Structure formats: structure tokens, C-alpha cells
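The following comprises the amino acid sequence and a computationally predicted model.
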Amino acid sequence: MRLKETKLADYLVHIDGQLFWSAGCNKGKEAGSLRPDGYRIVNKFRVQYYAHRIIWCLHRGDIPDGMHVDHINGNRSDNRIENLRMVQIAENNKNVSVRGSSRTGVHGIQLNDKHGNFTARIRIHRSLITLGTFSCLLDAVAARKSAELKFGFHPNHGRQSKAAQPKHWRLP
């Protein structure tokens, strides 16, 4: 049986976005470690827990099944309670940074090497919608951003992450 994050309240205290051990030989020390993907994890009872989920439980209670705790500003190590919100997976997917492998540096815009144009797409409720093919990157971005507004994406969606630097490409 998996121990719920709320059970860790007896062992941890949250101060300004960080978790500290409140008992035992590590009392006062910061709990957990930073993973390569930016999330902080805490090991207790041979189980790994995400720090942001523990912090949510300490302040707001249990996380219902099917719900996720989202970092509003996209910084996975910023675990201040005001930077966390509970959302469903579909809403969480509307607040992601652009991938580091993006050749255009813009989420939902692909470069077609063969024709030298850009295709704008957006995924809504598991359906991939093609917004159009454009000869100019700015036109493709405008179409994508307009669709994001229409479908209620978070304003931070598509932001540049530290790892996401546009790859160099050239037009024919």
C-alpha cells in the first residue's frame, strides 16, 4: 500500500517553497534532492514523493485521483504554495514550455524542410487540429497564439525553458 503524501506532515515542515525535516537526526536539514528534470523528490519509507505534491497536501489536503499539481510559472523547483495549482491533466498540458528539440522555438509550429514553410497545429481534447501552413514563421505563430487564446491555454504555455533553445534552420 502506498503511503499518501499527507502522512508525511509529521516528518516535514514547509518554509518558503522548501521542505525541511522536522524530526529525527536530520531535523532542520532540507529534505529531498533535485532530479535532473528539475523536480525535487523526497525519499521516505523507501518511497519517492514529489516535493510539490507534499507541499500541496500540507497546505490544502489530499490530491484526488486524476488530479495533478501544476507549477504555474513552469519552474519545477519553485515549490511555493502560491506557485502551485491543482488541475486535471488536460489543463496541465495547457501550461508546458516548448521542447528543447523544437526547431522553430515555438510550441506547435513545425518547419517543413522540403517546402520551406511552417505548419501550425494545436491539440484539443485528444484531437490534433491543423491551423494552417504558412510561408512566414510569424504568421504561423499568430495562428497558434490565436488558437491558444480561443481554447483557454495558460498565458505561460509555450514559454522558452532553459533547455529549449531554437535549433538553427534555414529557408530555401
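Arrived safely.

Could you confirm residue 139 falls within a helix?
Yes - counting by DSSP: H, G, I helix; E, B strand; the rest coil, residue 139 is part of a helix.

so what's it scoring on pLDDT?
According to the prediction, residue 139 has pLDDT 93.

who's in contact with it?
By Cβ atoms under 8 Å, 6 or more residues apart in numbering, residue 139 lies in contact with residue 118. Quick note: C-beta positions are derived from backbone N, CA and C, even for glycine.

Strands of the chain, start to end?
In the chain, strands defined by DSSP state E lie at 12-15, 18-21, 33-34, 40-44, 47-50, 67-71, 84-88, 109-112, 117-124, 127-134, listed in chain order.

Could you list the buried residues of the first one?
It stands for strand 12-15. Applying a neighbour-count criterion of 16 or more other Cβ atoms under 10 Å, one finds 12, 14 buried in strand 12-15.

And the helix or strand bottoming out on mean pLDDT in the chain, what does it pack against?
Of all helical and strand segments in the chain, the minimum by mean pLDDT, DSSP states H and E falls on helix 89-92, at a mean of 78. Other elements packing on helix 89-92 under the criterion 3 or more Cβ pairs under 8 Å, 6 or more residues apart in numbering; DSSP states H and E are strand 67-71.

So for the strand it packs on, mean pLDDT?
Mean predicted lDDT for strand 67-71 stands at 91.

Start the count at 483 instead of 1 going forward.
Sounds good: first residue 483 from here, last item strand 549-553.

what lines up beside it in the sheet?
With DSSP bridges as the test, strand 549-553 is paired with strand 566-570 (antiparallel).

What lies in contact with the partner strand?
Residues outside strand 566-570 that contact it (Cβ under 8 Å, 6+ apart): 534, 537-538, 542, 545, 548-554, 577.

Please apply the same query to stretch 490-506.
Around stretch 490-506, the neighbours that count as contacts under Cβ under 8 Å, 6+ apart are 509-514, 522, 524, 526, 531, 533, 536-537, 539-541, 560-563, 565.

Give me the buried positions along it.
Neighbour-count burial for stretch 490-506 flags 490, 493-494, 496, 499-504 (criterion: 16+ other Cβ under 10 Å).
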